[in-house]
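Participant: sequence below, structure please.
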Amino acid sequence: MSVDMDFVDDVEQNYRKRSSKSFQLFVRGLIIPGANGPKLFNLCIAPFQEKCFKLLGPTLTAIRDGTMPPRRRFWIERTKKAGKDSDIAICLAWLMAFPKRPILIQVSAANQQQAGIIKRRTADLLYYNQWLAERIHIQQNKIIGFEGLGEVVIEATGSSGAKQGDTPDLLILNELVHVDRWGVNETHMNNADGVPRGVVIISTNAGIRGTRAEQWKNNATNNPERWTVDAFKGVAPWIDKKDIEDAKRRDPVGAEYRRLWLGEWISGVGGALDDATINSCFVVPGPLTEPEDGWRYVAGLDLGISHDHSGIVVLGSNRSQQLIRVAWLRGFVPTLPNDRGQKEVDAADVQETCRRISKQFNISWFGYDPAAGGSFMAQQLRAMSVSMKEVSFSSTKNRNEMAVSLIQVFRGRRIQCYEDEEGRLRRDFGKFQIIPKVPSGYELKAVSDEWGHADVGTALLICLPKAIQIAGISPLFNSEDVLFGDDCEDEGDVKNRERNELDDIIDGDYEDRSMRRKFATTPDW
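Facilitator: Got it, this is the predicted structure:
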């Protein structure tokens, strides 16, 4: 059957003409690079995409026409490969192809690679829809609209132009969960707030709980009169199930899989503690300013200077309640430039804070790791009557004891925490990994990310075993367990029994047994 090309041309011309007036028609008539080759978008558009375009359509039309948009703040959240960037590119293409006035749009992402994704998606649209290439041009990191009326500036948060103070008609903050220069994002938002008809679209995957990104998400969710939140959770329908199965197998912990492919905000990717367990311990209000009756206090210091942050945590122990509570914490970020221009933690501030907190809470035991100058600082603090106790992370025994203590208090619901303003503690809990070390027990590690190596969480772990001892929480072994002597088991049997005990705790079967054991003291470090 022959095809009437004149008829086809008439249809295409009519589509292009009507697209200038209808964003929804423009969307549905595009040819997109589908999973099995080019395809008319109308034949494969997913319901969650339809919903998103309907929410955005009236606002995009207002931007194009220069009128007050009905919605001015959007939070668009999707899972991996769910078309987030390509759909944003479609919005930009319509504004640039059919402008009625000068329009300035900014697209900002965490780095140049991420900033370039929307540019590449726009280039794909121009390739598969050649008529658009007659109206839109890409020049380096800019997309130039028809007859030069529109301009899209694409940049990373670290670029030199990021703080110049543009006032865009539309600001798109892309991949927000990967941003580490939040000052630049604040500047962008302040600039956008200065435009009476200015629109902001935040486009991102789910992220890590306790981060600035989650704070921004909560702000959007809690202000529905100002923010429109459109979140798609789950695997996009065009993703092959076998690919998803592979992704799941590559992530034995499962946290990153849940974040990227299921759209869940997670506490971290360490895997030692699941999100439900972490959530259950954040039950008390903010930090204490003085000790409470019936509680004894210990503290931990994790000192990092140039490559990591530092952290101090104060734990309270209540023997009558067999309970541990986070009384106070603080993280220290690098702020002082050294002779090479690199920023380091203010060690004097850390030392003075240790002295002040020790006096404030009558701390009789203050643990520290001797690495990164900890021993030198401990000498100075001892001279100030601070009872510093060395807890080396190079010790297999210490790492094993911390791993056991972490799982013990969480699964036994014996620790209570508060949400610090920056979400440090929650974030750090999500970084911890517990790695079996046959036959020596378990080793605790922290996954590193842009916020460091869990410095506040590590400070907590340094003093946690001591806090458990003071609170009288039953340890893994009681005084009747024979570990040494002529009649004891061989070392391999003892270590295997240790691991079996910890496996029970990790599986959640420990609490009932442990509460029936009589308390036995453990030696100081």
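
Participant: longest helix of the chain?
Facilitator: Determined from DSSP state H, the single longest helix within the chain is helix 47-65.

Participant: C-terminal to it, what's the next element?
Facilitator: Note on helix 47-65: by DSSP states H and E, the next helix or strand toward the C-terminus is strand 73-77.

Participant: immediately after that next one, which helix or strand?
Facilitator: Proceeding N to C from strand 73-77, the next assigned helix or strand is helix 84-97, under DSSP H and E.

Participant: in that following helix, what counts as buried?
Facilitator: By neighbour count on 16 or more other C-beta atoms under 10 Å, the buried set for helix 84-97 is 84-97. Where C-beta positions appear, they are placed from N, C-alpha and C, glycine not excepted.

Participant: stretch 345-363 now?
Facilitator: Buried-residue list, stretch 345-363, by 16+ other C-beta under 10 Å: 345-347, 350-351, 353-355, 357-358, 360-361, 363.

Participant: same question, stretch 121-140
Facilitator: In stretch 121-140, counting by 16+ other C-beta under 10 Å, buried: 121-126, 128-129, 132, 135-136, 138.

Participant: please apply the same query to stretch 222-231.
Facilitator: Neighbour-count burial for stretch 222-231 flags 227-230 (criterion: 16+ other C-beta under 10 Å).

Participant: in contact with residue 375, which residues are there?
Facilitator: Residues near residue 375 by C-beta atoms under 8 Å, 6 or more residues apart in numbering: residue 390.

Participant: SS state for it?
Facilitator: helix (DSSP: H, G, I helix; E, B strand; the rest coil).

Participant: check the gap between it and residue 313 for me.
Facilitator: 20 Å (C-beta to C-beta, to the nearest Å).

Participant: hmm, back to that, format the buried residues of stretch 345-363 as CSV; extra columns: pLDDT, distance to residue 202 and secondary structure.
Facilitator: Below are those laid out as CSV (pLDDT from 0 to 100; distance: C-beta to C-beta, whole Å; DSSP: H, G, I helix; E, B strand; the rest coil):
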residue, pLDDT, distance to residue 202, secondary structure
345, 88, 32, coil
346, 91, 33, coil
347, 90, 38, helix
350, 94, 35, helix
351, 95, 40, helix
353, 96, 35, helix
354, 96, 39, helix
355, 96, 43, helix
357, 96, 38, helix
358, 96, 43, helix
360, 96, 40, helix
361, 97, 41, coil
363, 96, 43, coil
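
Participant: any idea which of those residues is closest to residue 430?
Facilitator: Of all the buried residues of stretch 345-363, residue 430 sits closest to residue 345, with 22.5 Å by C-beta to C-beta.

Participant: so who does that closest one touch?
Facilitator: 303-306, 309-310, 332-336.

Participant: who wins for most neighbours among those?
Facilitator: Most neighbours among the contacts of residue 345, by other C-beta atoms under 10 Å: residue 303, with 29 neighbours.

Participant: next, give phi and psi for that residue.
Facilitator: Main-chain dihedrals, residue 303, degrees, to the nearest 10: phi -100, psi 120.

Participant: hang on, the earlier thing: strands - which of the buried residues of stretch 121-140 land there?
Facilitator: residue 138 (DSSP state E).

Participant: identify the farthest-apart pair in the buried residues of stretch 121-140.
Facilitator: The span of those, defined through C-beta to C-beta, is set by 121 and 135 at 16.9 Å.

Participant: what comes into contact with stretch 139-156?
Facilitator: Applying C-beta under 8 Å, 6+ apart, the external contacts of stretch 139-156 come out as 92, 95-112, 114-116, 118-119, 122, 135-138, 161-162, 166, 168.
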